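A.B. asks: from the sequence below, what's the structure:
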Amino acid sequence: MPVLLLLLLLVVAIVAPGLWVKRILQRYSRPADRYAGSGGELARHMLDCLNLHDVGVEVTEDADHYDPDARVVRLTEDKLNRCSLTAVTVAAHEVGHAHQHASDYRPFVWRTRLVRWAAPGEKLGAGILMMAPFVTFVTRTPVIGLLMLLGGFLVLGLGSVIHLITLPMELDASFGRALPMLRDGGYLKPGDEPHARRLLKAAAFTYVASSLMSLLNVARWWAILRR
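C.D. replies: The predicted structure follows:
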């Protein structure tokens, strides 16, 4: 029973931040026409003001993000084409990442390099975990199996660690770049800055929520291997 309770608390701790982020983004997505320009239009304007004319803005079906390889700010349809406070604030946050890239912001550079290792690393970790029981059975050496399990879990958790250590970079994109641009450019309506701050905090913690959610994958493997 204590183990089940611990697992339940772990799931709640992992899921709660993601639900909080989703709630904040939805809360300020209405009215959809609060601003004269859309999130996509604001992103384009901000990029041009930063002389980042070569950075594109386009729609995505995935999460909002800046792609440093393609040099494109990608926004979901509701952020790109709508004029809500959520749309313009999230757009500014992603422009903040483009600005980090252009200014050779070191944490951004390091994170970009680490991310390239994350996806292959997670696949490798899953592969090691699947092979561990088989290798143990063939070699009849439990120590090798245990070492493989440990290595598999460590590699599988690499993506979570990468997201967690990049929180300072996300906060810089939100409060070191996006908020000053929104405030100094006079883009926000009177009284909207405190709400924009909440949105920018949510945008920054999106990666933390994703990191914690990825831990569920580690927990799932642990549950499978305990059977």
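A.B. asks: would you mark the buried spots in stretch 51-67?
C.D. replies: Neighbour-count burial for stretch 51-67 flags L52, V55, G56, V57, T60, D64, H65, Y66, D67 (criterion: 16 or more other C-beta atoms under 10 Å). Yep, even glycine has a C-beta here, placed from its N, CA and C like the rest.
A.B. asks: just after the helix or strand that contains the fourth one, pick out the following helix or strand.
C.D. replies: With secondary structure defined by DSSP states H and E, V57 is part of strand 56-59. Going down the chain from strand 56-59, the next helix or strand is strand 65-67, by DSSP H and E.
A.B. asks: that next one - contacts with which helices or strands?
C.D. replies: Using 3 or more C-beta pairs under 8 Å, 6 or more residues apart in numbering; DSSP states H and E as the contact test, the elements touching strand 65-67 are strand 72-75, helix 85-102.
A.B. asks: contacting residues around H93?
C.D. replies: H93 makes contact with D64, A173, S174, A178, L200, A203, A204, according to C-beta atoms under 8 Å, 6 or more residues apart in numbering.
A.B. asks: of the residues you listed, closest to L47?
C.D. replies: A178 (12.4 Å; C-beta to C-beta).
A.B. asks: kindly tell me how buried the closest one is, as a neighbour count.
C.D. replies: 28 (other C-beta atoms under 10 Å).
A.B. asks: that one and Q100 touch, don't they?
C.D. replies: No. A178 lies out of contact with Q100 (C-beta atoms under 8 Å); the separation is 10.6 Å.
A.B. asks: how close does H65 sit to P190?
C.D. replies: 30 Å (C-beta to C-beta, to the nearest Å).
A.B. asks: give me the low-pLDDT residue ranges for this structure?
C.D. replies: Within the chain, the ranges that satisfy pLDDT under 70 run 1-15, 117-161, 163-164, 208-227.
A.B. asks: once you drop chain neighbours, what's closest to H97?
C.D. replies: The spatial neighbour of H97 that comes closest, neighbours along the chain excluded (C-beta to C-beta, 6 or more residues apart in numbering), is Y66 at 3.8 Å.
A.B. asks: verify the stated contact: the one you found with H101.
C.D. replies: Yes. At 7.1 Å, Y66 counts as touching H101 under the criterion of C-beta under 8 Å.
A.B. asks: circling back to that earlier point, CA atoms only: put the strand holding V57 into PDB for me.
C.D. replies: C-alpha atoms of strand 56-59 as PDB (Å, rounded to 0.1, in the frame of the first residue of the first chain):
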ATOM      1  CA  GLY A  56      10.400  32.900 -40.400                       C
ATOM      2  CA  VAL A  57       7.100  32.600 -38.700                       C
ATOM      3  CA  GLU A  58       4.900  29.600 -39.500                       C
ATOM      4  CA  VAL A  59       2.100  27.400 -38.100                       C
END
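A.B. asks: looking at the helices and strands packed on strand 65-67, which is nearest to G37?
C.D. replies: Comparing these by C-beta to C-beta, helix 85-102 comes nearest, at 7.4 Å.
A.B. asks: can you pull the buried residues of that closest one?
C.D. replies: By 16+ other C-beta under 10 Å, the buried positions in helix 85-102 come out as 85-102.
A.B. asks: quick one: the helices in the protein?
C.D. replies: For the chain, the helices defined by DSSP state H occupy 2-27, 39-49, 77-80, 85-102, 106-139, 142-156, 158-165, 167-171, 179-184, 193-226.
A.B. asks: would you reformat the contacts of H93 as a markdown table and include distance to L80?
C.D. replies: Converted to a markdown table, these look like this (distance: C-beta to C-beta, whole Å):
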| residue | distance to L80 |
| --- | --- |
| D64 | 9 |
| A173 | 18 |
| S174 | 19 |
| A178 | 16 |
| L200 | 18 |
| A203 | 15 |
| A204 | 20 |
